[in-house]
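Peer 1: Following is a predicted model, sequence given first.
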Amino acid sequence: MARADGSGARILGGSRRSRERALAVGLVGLGYWGPNLLRGLMELADVEVHYICDLDEERLATLGRRCPGATATDHYEQLLDDPALDAVVIATPVFTHFKLAAAALDAGKHTFVEKPFAPSTAQARELMELAGERDLRLMCGQTFLYSPPVREVKRLIDTDELGQIFFISSSRVNLGLHQRDVSVIWDLGPHDFSILLHWLEEMPESITAVGRDSIVPGIHDVAFMTMQFPSGIVANVELSWLAPSKLRRTAIVGSNKMVVYEDGTAEPVRVFDRGVEYRDPETFGEYHLSYRSGDIRSPMIPSTEPLVTELSEFVRLIRAHETSSELELARQVVTLVESAETSLANGGLPVSVGEGPGVPPSLGGASPRARIAA
Ligand SMILES: NC(=O)c1ccc[n+]([C@@H]2O[C@H](COP(=O)([O-])OP(=O)(O)OC[C@H]3O[C@@H](n4cnc5c(N)ncnc54)[C@H](O)[C@@H]3O)[C@@H](O)[C@H]2O)c1
(Lines give C-alpha, C1' and ligand atoms only; values in the text may rest on other atoms or scores of the structure.)
Protein backbone atom coordinates (compact mmCIF):
# COMPACT_ATOMS: atom_id res chain seq x y z
CA MET A 1 0.00 0.00 0.00
CA ALA A 2 1.37 3.45 -0.93
CA ARG A 3 2.14 5.48 2.16
CA ALA A 4 3.62 8.82 1.18
CA ASP A 5 4.47 10.08 4.65
CA GLY A 6 6.21 6.91 5.77
CA SER A 7 4.17 6.93 8.96
CA GLY A 8 1.58 4.40 8.00
CA ALA A 9 -0.87 6.40 5.90
CA ARG A 10 -1.13 8.51 2.77
CA ILE A 11 -1.09 12.34 2.99
CA LEU A 12 -4.04 13.75 1.08
CA GLY A 13 -2.25 16.12 -1.28
CA GLY A 14 -3.14 19.78 -1.58
CA SER A 15 -6.92 19.43 -1.20
CA ARG A 16 -9.07 21.41 1.18
CA ARG A 17 -9.31 18.25 3.30
CA SER A 18 -6.23 19.89 4.76
CA ARG A 19 -3.08 17.93 5.20
CA GLU A 20 -4.68 15.33 7.42
CA ARG A 21 -3.53 11.86 6.58
CA ALA A 22 -6.09 9.30 5.50
CA LEU A 23 -7.55 7.38 8.41
CA ALA A 24 -6.14 3.85 8.60
CA VAL A 25 -8.99 1.43 9.31
CA GLY A 26 -9.20 -2.33 9.86
CA LEU A 27 -12.42 -4.30 9.33
CA VAL A 28 -13.09 -7.46 11.31
CA GLY A 29 -15.93 -9.78 10.30
CA LEU A 30 -16.53 -10.49 6.60
CA GLY A 31 -19.72 -12.51 6.80
CA TYR A 32 -23.09 -11.23 5.57
CA TRP A 33 -22.76 -7.58 6.66
CA GLY A 34 -18.98 -7.00 6.65
CA PRO A 35 -18.69 -6.76 2.83
CA ASN A 36 -21.22 -3.89 2.86
CA LEU A 37 -19.11 -2.05 5.41
CA LEU A 38 -16.02 -2.73 3.31
CA ARG A 39 -17.68 -1.20 0.25
CA GLY A 40 -18.80 1.79 2.34
CA LEU A 41 -15.32 2.32 3.78
CA MET A 42 -13.74 2.09 0.33
CA GLU A 43 -16.09 4.84 -0.88
CA LEU A 44 -14.85 7.30 1.73
CA ALA A 45 -12.20 9.64 0.35
CA ASP A 46 -10.14 10.03 3.50
CA VAL A 47 -10.18 6.41 4.67
CA GLU A 48 -7.76 3.65 3.77
CA VAL A 49 -8.61 0.06 4.62
CA HIS A 50 -5.32 -1.37 5.95
CA TYR A 51 -6.64 -4.70 7.20
CA ILE A 52 -9.49 -7.10 6.60
CA CYS A 53 -9.84 -9.82 9.20
CA ASP A 54 -11.94 -12.98 9.51
CA LEU A 55 -11.49 -16.47 10.90
CA ASP A 56 -12.80 -17.88 7.63
CA GLU A 57 -10.04 -18.18 5.02
CA GLU A 58 -12.40 -18.37 2.06
CA ARG A 59 -14.06 -15.09 2.98
CA LEU A 60 -10.64 -13.50 3.49
CA ALA A 61 -9.55 -14.60 0.03
CA THR A 62 -12.75 -13.41 -1.68
CA LEU A 63 -12.78 -10.01 -0.01
CA GLY A 64 -9.01 -9.71 -0.38
CA ARG A 65 -9.50 -9.64 -4.16
CA ARG A 66 -11.92 -6.70 -3.75
CA CYS A 67 -9.49 -4.77 -1.57
CA PRO A 68 -5.99 -5.75 -2.74
CA GLY A 69 -4.29 -2.92 -0.82
CA ALA A 70 -5.33 -4.32 2.55
CA THR A 71 -3.56 -6.99 4.56
CA ALA A 72 -5.83 -10.02 4.94
CA THR A 73 -5.44 -11.78 8.27
CA ASP A 74 -7.22 -14.20 10.58
CA HIS A 75 -5.33 -12.75 13.57
CA TYR A 76 -7.28 -9.87 15.12
CA GLU A 77 -4.27 -9.11 17.34
CA GLN A 78 -2.31 -8.15 14.21
CA LEU A 79 -4.62 -5.14 13.77
CA LEU A 80 -4.35 -4.16 17.41
CA ASP A 81 -0.55 -4.44 17.42
CA ASP A 82 -0.15 -2.08 14.46
CA PRO A 83 0.55 1.42 15.84
CA ALA A 84 -0.31 2.96 12.46
CA LEU A 85 -3.89 1.67 12.57
CA ASP A 86 -6.31 4.39 13.75
CA ALA A 87 -9.62 2.59 13.94
CA VAL A 88 -11.31 -0.79 13.94
CA VAL A 89 -14.74 -1.61 12.49
CA ILE A 90 -16.33 -4.72 14.00
CA ALA A 91 -18.98 -6.76 12.14
CA THR A 92 -18.81 -10.09 13.96
CA PRO A 93 -21.61 -11.98 15.78
CA VAL A 94 -23.26 -10.32 18.78
CA PHE A 95 -21.60 -12.42 21.46
CA THR A 96 -18.12 -11.31 20.29
CA HIS A 97 -18.85 -7.56 20.28
CA PHE A 98 -17.78 -6.81 23.83
CA LYS A 99 -14.57 -8.80 23.75
CA LEU A 100 -13.41 -7.43 20.39
CA ALA A 101 -14.48 -3.83 21.04
CA ALA A 102 -12.90 -3.76 24.52
CA ALA A 103 -9.65 -5.15 23.10
CA ALA A 104 -9.65 -2.49 20.34
CA LEU A 105 -10.20 0.32 22.84
CA ASP A 106 -7.54 -1.16 25.12
CA ALA A 107 -5.13 -1.07 22.19
CA GLY A 108 -5.89 2.63 21.63
CA LYS A 109 -8.06 2.22 18.50
CA HIS A 110 -11.19 4.22 17.74
CA THR A 111 -13.94 1.64 17.50
CA PHE A 112 -17.08 1.16 15.44
CA VAL A 113 -19.10 -1.86 16.52
CA GLU A 114 -22.14 -3.14 14.69
CA LYS A 115 -25.53 -3.31 16.35
CA PRO A 116 -26.41 -4.55 18.89
CA PHE A 117 -23.82 -2.55 20.78
CA ALA A 118 -22.97 -5.34 23.27
CA PRO A 119 -24.41 -8.63 24.57
CA SER A 120 -25.56 -6.96 27.81
CA THR A 121 -26.37 -3.53 29.23
CA ALA A 122 -23.50 -3.86 31.71
CA GLN A 123 -21.03 -4.55 28.90
CA ALA A 124 -22.40 -1.65 26.83
CA ARG A 125 -21.78 0.65 29.80
CA GLU A 126 -18.29 -0.79 30.25
CA LEU A 127 -17.41 -0.03 26.64
CA MET A 128 -18.66 3.55 27.04
CA GLU A 129 -16.55 3.99 30.16
CA LEU A 130 -13.49 2.48 28.49
CA ALA A 131 -13.81 4.81 25.50
CA GLY A 132 -14.17 7.76 27.88
CA GLU A 133 -11.11 6.75 29.94
CA ARG A 134 -9.00 6.23 26.82
CA ASP A 135 -10.36 9.37 25.12
CA LEU A 136 -11.27 7.35 22.02
CA ARG A 137 -14.25 7.57 19.68
CA LEU A 138 -16.74 4.75 20.01
CA MET A 139 -19.76 4.32 17.75
CA CYS A 140 -22.42 1.66 17.29
CA GLY A 141 -23.67 0.83 13.79
CA GLN A 142 -27.34 1.74 13.96
CA THR A 143 -27.79 2.17 10.24
CA PHE A 144 -31.46 3.11 10.31
CA LEU A 145 -30.69 6.31 12.23
CA TYR A 146 -29.03 7.47 8.99
CA SER A 147 -31.88 6.38 6.73
CA PRO A 148 -33.48 9.36 4.93
CA PRO A 149 -37.06 8.00 5.31
CA VAL A 150 -36.53 7.49 9.06
CA ARG A 151 -35.25 11.06 9.30
CA GLU A 152 -38.25 12.36 7.36
CA VAL A 153 -40.62 10.65 9.79
CA LYS A 154 -38.64 12.19 12.66
CA ARG A 155 -39.12 15.60 11.04
CA LEU A 156 -42.88 14.99 10.70
CA ILE A 157 -43.09 14.07 14.39
CA ASP A 158 -40.89 16.94 15.59
CA THR A 159 -42.76 19.58 13.57
CA ASP A 160 -46.03 18.29 15.02
CA GLU A 161 -47.46 17.59 11.58
CA LEU A 162 -48.84 14.29 12.85
CA GLY A 163 -50.23 15.82 16.04
CA GLN A 164 -50.22 13.72 19.19
CA ILE A 165 -48.87 10.24 18.43
CA PHE A 166 -51.36 7.58 19.54
CA PHE A 167 -49.61 4.40 18.51
CA ILE A 168 -47.05 2.81 16.21
CA SER A 169 -47.27 -0.57 14.57
CA SER A 170 -44.34 -2.21 12.82
CA SER A 171 -43.52 -5.39 10.91
CA ARG A 172 -40.00 -6.47 9.99
CA VAL A 173 -40.35 -9.92 8.48
CA ASN A 174 -38.55 -11.96 5.86
CA LEU A 175 -37.71 -15.53 4.94
CA GLY A 176 -34.26 -15.99 6.65
CA LEU A 177 -31.53 -15.36 7.50
CA HIS A 178 -31.89 -17.69 10.49
CA GLN A 179 -29.23 -17.31 13.15
CA ARG A 180 -28.23 -20.19 15.39
CA ASP A 181 -26.77 -18.24 18.26
CA VAL A 182 -29.26 -15.42 18.91
CA SER A 183 -33.01 -14.94 18.68
CA VAL A 184 -34.79 -12.78 16.13
CA ILE A 185 -35.08 -10.13 18.87
CA TRP A 186 -31.29 -9.78 19.18
CA ASP A 187 -30.94 -9.84 15.39
CA LEU A 188 -33.74 -7.60 14.09
CA GLY A 189 -35.05 -5.92 17.27
CA PRO A 190 -32.22 -3.34 17.44
CA HIS A 191 -33.44 -1.82 14.15
CA ASP A 192 -36.96 -1.12 15.42
CA PHE A 193 -35.86 -0.22 18.94
CA SER A 194 -33.32 2.32 17.67
CA ILE A 195 -35.87 3.85 15.28
CA LEU A 196 -38.54 4.12 18.00
CA LEU A 197 -36.15 5.66 20.55
CA HIS A 198 -34.91 8.11 17.93
CA TRP A 199 -38.43 9.16 16.91
CA LEU A 200 -40.02 9.32 20.35
CA GLU A 201 -37.05 10.35 22.52
CA GLU A 202 -38.41 8.32 25.42
CA MET A 203 -37.76 4.88 26.79
CA PRO A 204 -40.73 2.50 27.15
CA GLU A 205 -41.87 1.81 30.70
CA SER A 206 -42.68 -1.78 29.96
CA ILE A 207 -42.43 -4.40 27.27
CA THR A 208 -44.09 -7.72 26.60
CA ALA A 209 -42.88 -10.28 24.09
CA VAL A 210 -44.27 -13.59 22.92
CA GLY A 211 -42.78 -15.72 20.20
CA ARG A 212 -41.91 -19.16 18.97
CA ASP A 213 -38.85 -21.23 18.08
CA SER A 214 -40.53 -22.69 15.01
CA ILE A 215 -37.45 -24.13 13.28
CA VAL A 216 -34.33 -24.27 15.49
CA PRO A 217 -35.08 -25.45 19.05
CA GLY A 218 -34.42 -22.69 21.58
CA ILE A 219 -33.94 -19.94 18.99
CA HIS A 220 -37.05 -17.81 18.60
CA ASP A 221 -37.61 -16.98 14.94
CA VAL A 222 -40.79 -14.98 15.44
CA ALA A 223 -41.62 -12.44 18.15
CA PHE A 224 -44.51 -10.08 18.79
CA MET A 225 -43.61 -7.26 21.18
CA THR A 226 -45.67 -4.48 22.71
CA MET A 227 -44.21 -1.45 24.42
CA GLN A 228 -45.91 1.11 26.64
CA PHE A 229 -44.31 4.56 26.73
CA PRO A 230 -44.62 7.13 29.55
CA SER A 231 -46.37 9.55 27.16
CA GLY A 232 -49.12 6.99 26.59
CA ILE A 233 -47.88 5.90 23.17
CA VAL A 234 -48.20 2.18 22.50
CA ALA A 235 -45.90 0.48 20.00
CA ASN A 236 -46.20 -2.99 18.57
CA VAL A 237 -43.36 -4.68 16.70
CA GLU A 238 -43.52 -7.96 14.84
CA LEU A 239 -40.20 -9.59 13.96
CA SER A 240 -39.72 -12.77 11.98
CA TRP A 241 -37.29 -14.77 9.86
CA LEU A 242 -40.20 -16.93 8.78
CA ALA A 243 -42.54 -15.05 6.47
CA PRO A 244 -43.82 -15.57 2.92
CA SER A 245 -42.35 -12.27 1.73
CA LYS A 246 -40.13 -9.44 2.87
CA LEU A 247 -41.91 -6.61 4.63
CA ARG A 248 -40.50 -3.64 6.52
CA ARG A 249 -43.53 -1.50 7.23
CA THR A 250 -44.30 0.89 10.06
CA ALA A 251 -47.53 2.83 10.57
CA ILE A 252 -47.48 5.87 12.84
CA VAL A 253 -50.92 7.02 13.86
CA GLY A 254 -51.28 10.57 15.11
CA SER A 255 -54.19 12.81 16.02
CA ASN A 256 -53.70 14.97 12.88
CA LYS A 257 -52.21 12.65 10.31
CA MET A 258 -50.96 9.12 9.82
CA VAL A 259 -47.77 7.93 8.16
CA VAL A 260 -46.76 4.70 6.54
CA TYR A 261 -43.01 4.15 6.33
CA GLU A 262 -42.16 1.23 4.10
CA ASP A 263 -38.48 0.67 3.61
CA GLY A 264 -37.19 -0.24 0.17
CA THR A 265 -40.24 0.94 -1.77
CA ALA A 266 -40.50 3.70 -4.40
CA GLU A 267 -42.46 5.87 -1.96
CA PRO A 268 -40.96 4.95 1.42
CA VAL A 269 -42.91 7.61 3.34
CA ARG A 270 -46.59 8.29 2.71
CA VAL A 271 -48.44 10.86 4.79
CA PHE A 272 -52.19 10.30 5.08
CA ASP A 273 -54.32 13.28 5.99
CA ARG A 274 -56.73 10.98 7.75
CA GLY A 275 -58.19 10.75 11.20
CA VAL A 276 -61.22 10.68 13.41
CA GLU A 277 -62.64 13.57 15.40
CA TYR A 278 -64.48 12.93 18.61
CA ARG A 279 -66.97 15.41 19.97
CA ASP A 280 -68.21 15.22 23.54
CA PRO A 281 -71.81 14.12 23.93
CA GLU A 282 -74.28 17.00 23.80
CA THR A 283 -76.93 14.82 25.33
CA PHE A 284 -76.40 11.85 27.61
CA GLY A 285 -74.57 8.99 25.89
CA GLU A 286 -74.47 10.53 22.40
CA TYR A 287 -70.97 11.27 21.23
CA HIS A 288 -70.12 12.18 17.62
CA LEU A 289 -67.35 10.82 15.48
CA SER A 290 -66.45 12.44 12.19
CA TYR A 291 -64.00 10.72 9.89
CA ARG A 292 -61.57 12.74 7.81
CA SER A 293 -60.10 11.24 4.64
CA GLY A 294 -57.92 13.77 2.83
CA ASP A 295 -54.86 13.74 0.58
CA ILE A 296 -52.05 11.23 0.59
CA ARG A 297 -48.67 12.91 0.18
CA SER A 298 -45.39 11.24 -0.65
CA PRO A 299 -42.53 13.56 0.34
CA MET A 300 -39.36 13.72 -1.71
CA ILE A 301 -36.73 11.62 0.09
CA PRO A 302 -32.99 12.11 -0.59
CA SER A 303 -31.29 9.03 -1.99
CA THR A 304 -28.17 9.04 0.21
CA GLU A 305 -26.97 5.62 1.37
CA PRO A 306 -27.39 5.25 5.16
CA LEU A 307 -24.35 2.99 5.53
CA VAL A 308 -22.00 5.48 3.89
CA THR A 309 -23.48 8.40 5.88
CA GLU A 310 -23.04 6.40 9.08
CA LEU A 311 -19.40 5.56 8.35
CA SER A 312 -18.74 9.21 7.40
CA GLU A 313 -20.11 10.16 10.80
CA PHE A 314 -17.62 7.82 12.48
CA VAL A 315 -14.79 9.50 10.56
CA ARG A 316 -16.17 12.94 11.42
CA LEU A 317 -16.30 12.06 15.14
CA ILE A 318 -12.66 10.98 15.01
CA ARG A 319 -11.58 14.09 13.11
CA ALA A 320 -13.62 16.43 15.32
CA HIS A 321 -12.67 14.59 18.52
CA GLU A 322 -16.37 14.34 19.42
CA THR A 323 -18.26 11.75 21.44
CA SER A 324 -21.09 10.02 19.58
CA SER A 325 -24.46 11.36 20.70
CA GLU A 326 -26.04 7.97 19.90
CA LEU A 327 -24.14 5.78 22.37
CA GLU A 328 -26.70 6.13 25.13
CA LEU A 329 -29.43 5.20 22.64
CA ALA A 330 -27.37 2.17 21.60
CA ARG A 331 -27.12 1.17 25.27
CA GLN A 332 -30.89 1.62 25.71
CA VAL A 333 -31.48 -0.62 22.69
CA VAL A 334 -29.53 -3.40 24.43
CA THR A 335 -31.61 -2.88 27.59
CA LEU A 336 -34.79 -3.20 25.52
CA VAL A 337 -33.58 -6.41 23.88
CA GLU A 338 -32.74 -7.86 27.30
CA SER A 339 -36.13 -6.86 28.70
CA ALA A 340 -37.95 -8.34 25.70
CA GLU A 341 -35.97 -11.58 26.09
CA THR A 342 -36.93 -11.69 29.78
CA SER A 343 -40.60 -11.33 28.87
CA LEU A 344 -40.23 -13.99 26.16
CA ALA A 345 -38.66 -16.39 28.67
CA ASN A 346 -41.56 -15.77 31.04
CA GLY A 347 -44.40 -16.48 28.66
CA GLY A 348 -45.05 -12.86 27.70
CA LEU A 349 -45.30 -11.34 31.17
CA PRO A 350 -44.89 -7.53 31.11
CA VAL A 351 -41.35 -6.52 32.10
CA SER A 352 -40.49 -3.11 33.51
CA VAL A 353 -37.72 -1.88 31.29
CA GLY A 354 -34.36 -1.82 32.98
CA GLU A 355 -35.61 -4.12 35.72
CA GLY A 356 -33.87 -7.43 36.32
CA PRO A 357 -30.79 -8.91 34.72
CA GLY A 358 -32.35 -9.76 31.38
CA VAL A 359 -31.37 -12.75 29.34
CA PRO A 360 -28.14 -12.35 27.37
CA PRO A 361 -27.73 -14.14 24.06
CA SER A 362 -26.06 -17.53 24.15
CA LEU A 363 -22.36 -17.23 24.80
CA GLY A 364 -21.64 -20.38 22.83
CA GLY A 365 -18.99 -20.81 20.15
CA ALA A 366 -18.89 -19.06 16.79
CA SER A 367 -21.80 -20.36 14.82
CA PRO A 368 -22.46 -19.86 11.16
CA ARG A 369 -25.91 -18.79 10.09
CA ALA A 370 -28.12 -21.19 8.26
CA ARG A 371 -29.89 -19.84 5.24
CA ILE A 372 -33.37 -21.14 4.76
CA ALA A 373 -33.90 -21.81 1.09
CA ALA A 374 -36.77 -19.84 -0.38
N1 LIG B 1 -26.51 -2.48 10.48
C2 LIG B 1 -27.19 -3.39 9.84
O3 LIG B 1 -28.15 -3.11 9.11
C4 LIG B 1 -26.78 -4.82 10.00
C5 LIG B 1 -27.28 -5.79 9.10
C6 LIG B 1 -26.88 -7.12 9.28
C7 LIG B 1 -26.04 -7.46 10.32
N8 LIG B 1 -25.60 -6.48 11.17
C9 LIG B 1 -24.71 -6.84 12.29
O10 LIG B 1 -23.43 -7.18 11.81
C11 LIG B 1 -22.83 -8.15 12.66
C12 LIG B 1 -22.42 -9.36 11.84
O13 LIG B 1 -23.57 -9.95 11.31
P14 LIG B 1 -23.49 -10.92 10.06
O15 LIG B 1 -24.88 -11.19 9.68
O16 LIG B 1 -22.55 -10.39 9.04
O17 LIG B 1 -22.84 -12.22 10.74
P18 LIG B 1 -22.11 -13.43 10.01
O19 LIG B 1 -22.18 -14.58 10.96
O20 LIG B 1 -22.63 -13.59 8.63
O21 LIG B 1 -20.60 -12.94 9.88
C22 LIG B 1 -19.75 -12.76 10.98
C23 LIG B 1 -18.31 -12.99 10.53
O24 LIG B 1 -17.44 -12.70 11.65
C25 LIG B 1 -16.38 -13.67 11.64
N26 LIG B 1 -15.81 -13.75 12.98
C27 LIG B 1 -16.39 -14.21 14.12
N28 LIG B 1 -15.55 -14.08 15.16
C29 LIG B 1 -14.40 -13.54 14.68
C30 LIG B 1 -13.16 -13.17 15.26
N31 LIG B 1 -12.92 -13.35 16.56
N32 LIG B 1 -12.21 -12.65 14.45
C33 LIG B 1 -12.43 -12.47 13.14
N34 LIG B 1 -13.59 -12.81 12.52
C35 LIG B 1 -14.57 -13.32 13.29
C36 LIG B 1 -17.04 -14.96 11.17
O37 LIG B 1 -16.10 -15.85 10.65
C38 LIG B 1 -18.02 -14.42 10.10
O39 LIG B 1 -17.42 -14.41 8.82
C40 LIG B 1 -23.88 -8.48 13.73
O41 LIG B 1 -23.62 -7.73 14.87
C42 LIG B 1 -25.19 -8.04 13.09
O43 LIG B 1 -26.16 -7.68 14.05
C44 LIG B 1 -25.93 -5.20 11.02
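Peer 2: Everything's here; your move.

Peer 1: What is the burial count for Q123?
Peer 2: 19 (other CB atoms under 10 Å). C-beta here means a position set from N, CA and C on the backbone, and glycine is covered the same way.

Peer 1: Looks to me like it is in a helix.
Peer 2: Yes. Counting by DSSP: H, G, I helix; E, B strand; the rest coil, Q123 is located in a helix.

Peer 1: can you tell me how far it sits from G189?
Peer 2: As judged by CB to CB, to the nearest Å, Q123 and G189 stand 17 Å apart.

Peer 1: Equivalent analysis for I233, please.
Peer 2: 18 Å.

Peer 1: if you count what's nearby, which of these two comes out ahead?
Peer 2: A count of neighbours by other CB under 10 Å puts G189 above the other of I233 and G189, at 26 against 21.

Peer 1: Could you check the pLDDT of that one?
Peer 2: pLDDT for G189: 98.

Peer 1: Check R17 too.
Peer 2: Here, the pLDDT recorded for R17 equals 48.

Peer 1: same deal with the one 4 residues further on?
Peer 2: R21 carries a pLDDT value of 88.

Peer 1: and it, what are its bridge partners?
Peer 2: Residues in a beta bridge with R21, per DSSP bridges, are I11.

Peer 1: Pairing partners for whichever helix or strand V253 is part of, with directions?
Peer 2: Element membership for V253 (DSSP states H and E) is strand 247-254. Strand 247-254 has its sheet partners listed here by DSSP bridges as strand 165-173 (antiparallel), strand 258-262 (antiparallel).

Peer 1: Centre of the chain to the last one, how far?
Peer 2: Read that as strand 258-262. Centroid separation between strand 258-262 and its chain, computed with CA atoms, centre = their mean, to the nearest Å, is 20 Å.

Peer 1: Need the mean per-residue confidence for that strand.
Peer 2: pLDDT averaged over strand 258-262 gives 98.

Peer 1: Next, the buried residues of that strand.
Peer 2: 258-262 (16 or more other CB atoms under 10 Å).

Peer 1: Ok, stretch 133-148 next?
Peer 2: 134, 136-148.

Peer 1: Same check on stretch 315-329?
Peer 2: 315, 317-318, 323-324, 326-327, 329.

Peer 1: okay, these in CSV with distance to R66 and secondary structure next?
Peer 2: As requested, the buried residues of stretch 315-329 are exported to CSV (distance: CB to CB, whole Å; DSSP: H, G, I helix; E, B strand; the rest coil):
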residue, distance to R66, secondary structure
V315, 20, helix
L317, 26, helix
I318, 24, helix
T323, 32, coil
S324, 28, coil
E326, 29, coil
L327, 31, helix
L329, 32, helix
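
Peer 1: if you skip the residues just before and after it, what's nearest to K257?
Peer 2: L162 (4.9 Å; CB to CB, 6 or more residues apart in numbering).

Peer 1: That neighbour and M258 touch, don't they?
Peer 2: Yes. L162 is within contact range of M258, at 7.3 Å (criterion: CB atoms under 8 Å).
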